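> Sequence first, then the predicted structure:
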Amino acid sequence: MKIIYSSEREFTREQLQELFLSVGWLSGNYPERLYKALNNCETVFTAWADGRLIGLINAIDDGELTAYIHYLLVEPEFQKCGIAKILVDLVKEKYNDYLYLILIAENQQLVGFYNHLGFEYAQGTFAMSIQHR
């Protein structure tokens, strides 16, 4: 099956919801807000198979020094096919001239995956958040 990668934001609310819920992410319960958020951030790359949204990465940046990868997800049946690596490579290429490309690994199992893609643990940093529901 051929995978097509795009920087165009041609996804629908329903496609986003389906993708996000396929990996069990809370954001999928808010398709309208998710759609708005992804259309307002600086960078979005998507992966498609037969017209179906199967992967997505987005980044938020300050326009000069730092970019943050916010979402990286691939539908479960397409995981371990190299799609996430290609999506990360697209973001790395875009932000090649920035000093920092930062992400937060959501769980310990992902640390090895991100190490393999060139990310290193940032000693002395602590991720913090406030979650409103």
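Done, it's in. Since this is a predicted model, take the numbers as computed values, not measurements. Residues are numbered from 1 along each chain as shown.
> Give me the longest helix you can find in this protein.
helix 83-94 (DSSP state H).
> Could you tell me which residues within that one count as buried?
By neighbour count, and taking 16 or more other CB atoms under 10 Å as the criterion, the buried residues in helix 83-94 are 83-84, 86-92, 94. Glycine gets a C-beta too; all of them are placed from N, C-alpha and C.
> That helix - contacts with which helices or strands?
Using 3 or more CB pairs under 8 Å, 6 or more residues apart in numbering; DSSP states H and E as the contact definition, the elements that helix 83-94 packs against are strand 3-6, strand 43-49, strand 52-61, strand 66-74.
> Redo the ones you listed as JSON lines? Include mean neighbour count and mean pLDDT.
As requested, those are exported to JSON lines (neighbours: other CB atoms under 10 Å; pLDDT from 0 to 100):
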{"stretch": "strand 3-6", "mean neighbour count": "14", "mean pLDDT": "98"}
{"stretch": "strand 43-49", "mean neighbour count": "20", "mean pLDDT": "98"}
{"stretch": "strand 52-61", "mean neighbour count": "21", "mean pLDDT": "98"}
{"stretch": "strand 66-74", "mean neighbour count": "20", "mean pLDDT": "95"}
